[in-house]
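Fold the following.
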Amino acid sequence: MNIKELASRIDQTSLRPEAAEKEMIEFIERSAGLGFATLCVPPCHVALASRLLGSSKTLVSTVAGFPLGFQVPGVKLLEARAAFDDGASEIDIVMNISRLKSGNASFVTAEIGSIVRALPEAVIKVIIETCYLTDQEKLSALEAAVETGADFVKTSTGFAPKGADVRDIQMLAAAAKGRIQVKASGGIKTLADALSMLKAGAERLGTSSGPSILEELKRGV
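Sure, this is the predicted structure:
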């Protein structure tokens, strides 16, 4: 895999709550020319990122329902629509973990499905936060995501105790059977991490370490 191919599979991410606007501008300008699929920024900085990226092939992505997912119905839709209007092409939405663990996968399907239908031009990724789920719940979450018509199921927010796991990626990719793509996110810091997730079946990677990962590949480390 060459640098261009790897970069195109990465959502380069900066979601630190303490990052000031100046830091976000530096992040965007530093990352803009590296060929990433998207730059994932907080919702409040989507318009800024969209303006700075302009006609770049790197798109803007953001989050909704982040990072815990237990907002009342309608809030995530409002967040997602506002982000799309501000220029986000891809939106990573935390499912309601509590509802899924309560056996109410239909709630997840209805909530995320309403966003998919409202924003047909947006790429929607469903964050299921695998570290809180049993294997059966992970598969239930995957099926709920498939039913919504979302584009990706995503492992983690990066704010939970554990992020992406190779075994989970393998399981989700096998169960997806091409019906939905898998995004690995959380704890991906090295080239070895990135390549192991791709080999396991991830189509996209979420990381804040994109530039250093590409540099590793460039150096042949």
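
Find the residue at the geometric middle of this protein.
The chain has Asp92 as the residue nearest its centroid, 4.7 Å off, counting by Cα atoms, centre = their mean.

The residue nearest to Pro73 when sequence neighbours are not counted: what secondary structure?
Counting by Cβ to Cβ, 6 or more residues apart in numbering, Glu111 is the residue found nearest to Pro73 once chain neighbours are left out, at 6.2 Å. In this view, the C-beta of every residue, glycine as well, is placed from N, C-alpha and C. Under DSSP: H, G, I helix; E, B strand; the rest coil, Glu111 falls in the helix class.

Let me know the helix or strand that the residue nearest to the centre of the chain is in.
With elements taken from DSSP states H and E, the one containing Asp92 is strand 90-94.

Show me what that strand pairs with in its sheet, parallel or antiparallel.
Next to strand 90-94 in the sheet, as set by DSSP bridges, lie strand 59-64 (parallel), strand 123-127 (parallel).

Include mean neighbour count, distance to Glu23 and mean pLDDT when you put those strands into TSV, please.
What follows is the strands paired with strand 90-94, written out as TSV (neighbours: other Cβ atoms under 10 Å; distance: least, Cβ to Cβ, whole Å; pLDDT from 0 to 100):
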stretch	mean neighbour count	distance to Glu23	mean pLDDT
strand 59-64	26	16	98
strand 123-127	26	24	98
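
I'd like the distance between Val126 and Ile91.
Plainly put, Val126 is 10 Å away from Ile91 if you go by Cβ to Cβ, to the nearest Å.

for the nearest residue to Asn96 once chain neighbours are set aside, what are its contacts?
When the adjacent residues along the chain are set aside, Asn96 lies closest to Gly69, with 5.2 Å between them (Cβ to Cβ, 6+ apart). In this structure, Gly69 makes contact with Val94, Met95, Asn96, Ile97, Ser98, Ile127, Glu129, judged by Cβ atoms under 8 Å, 6 or more residues apart in numbering.

Can you report how many residues lie near the fifth one?
In other words, Ser98. 13 (other Cβ atoms under 10 Å).

separation between the residue nearest to it when sequence neighbours are not counted and Met24?
Distances taken as Cβ to Cβ, 6+ apart place Phe70 nearest to Ser98, at 5.5 Å, with adjacent residues excluded. Here the criterion is Cβ to Cβ. By it, Phe70 lies 26 Å from Met24.

Look at these two and report which has more neighbours.
For the pair Phe70 and Met24, the greater number of neighbours falls to Met24 (20 against 12), based on other Cβ under 10 Å.

Now for the more buried one: which residues touch it?
If a contact means Cβ under 8 Å, 6+ apart, then Met24 has Ser14, Val41, Pro42, His45, Leu48, Ala49 as its contacts.

doesn't it fall inside a helix?
Yes: Met24: assigned to a helix according to three-state DSSP.

confidence score at it?
Turning to Met24, the model gives it a pLDDT of 98.

quick thing: my sequence starts at 635, can you match it?
Yes, from this point I'll number from 635; that puts the last item at Met658.

Roughly how far does it sit from Gly835?
Computed as Cβ to Cβ, the Met658 to Gly835 distance reads 32 Å.
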